[in-house]
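K.L.:
need coordinates for the below:
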Amino acid sequence: MFLDLATLEPQTDQWSYLASLHRLSPREVERLAERVAPPKVGAAITRLVPATASGIQPRPAQVVGVQLAAGVAVDMSALTPALLATLKHAASMPNPAFYDRQRRRFSTWGAR
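P.N.:
Numbering: from 1, shown residues only. Just a heads-up that it's a prediction; the model follows:
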């Protein structure tokens, strides 16, 4: 779905909006890809940075309940969806075997 970036409302006619965009050449795609840094996940994250994909920046909860035992349990009822997504991203670790199987369109169930 394509959104109007000023209002974050869906474009009224998705197909006409898509038709109005110019097509990128392979060289333009390569230049854009070179400018994008690889995402930091897992241990590479030194501080949490909220997503910048939209102008909406919800205020996080002042208190978040966490229980530390054999693992870490976070009370998600107080978290906004944006903060929850940020925490999940920070806690994720890359799995090259998963991405390789996904790229080759193989089953990713149980990939290690």
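
K.L.:
what's the lowest-mean-pLDDT helix or strand in the chain packed up against?
P.N.:
Among the helices and strands of the chain, helix 81-91 carries the lowest confidence by mean pLDDT, DSSP states H and E, at a mean of 80. For helix 81-91, there is no helix or strand it packs on, judged by 3 or more CB pairs under 8 Å, 6 or more residues apart in numbering; DSSP states H and E. Any C-beta I mention is one placed from the backbone N, CA and C, and that applies to glycine too.

K.L.:
which elements pack onto the helix or strand that it is followed by?
P.N.:
Per DSSP states H and E, helix 81-91 leads on to helix 96-103 as the next helix or strand towards the C-terminus. If you count contacts as 3+ CB pairs under 8 Å, 6+ apart, helix 96-103 packs onto no helix or strand.

K.L.:
tell me which residues of helix 96-103 are tucked away?
P.N.:
residue 101 (16 or more other CB atoms under 10 Å).

K.L.:
chain center to that helix: distance?
P.N.:
Chain-centre distance of helix 96-103: 18 Å, with CA atoms, centre = their mean, to the nearest Å.
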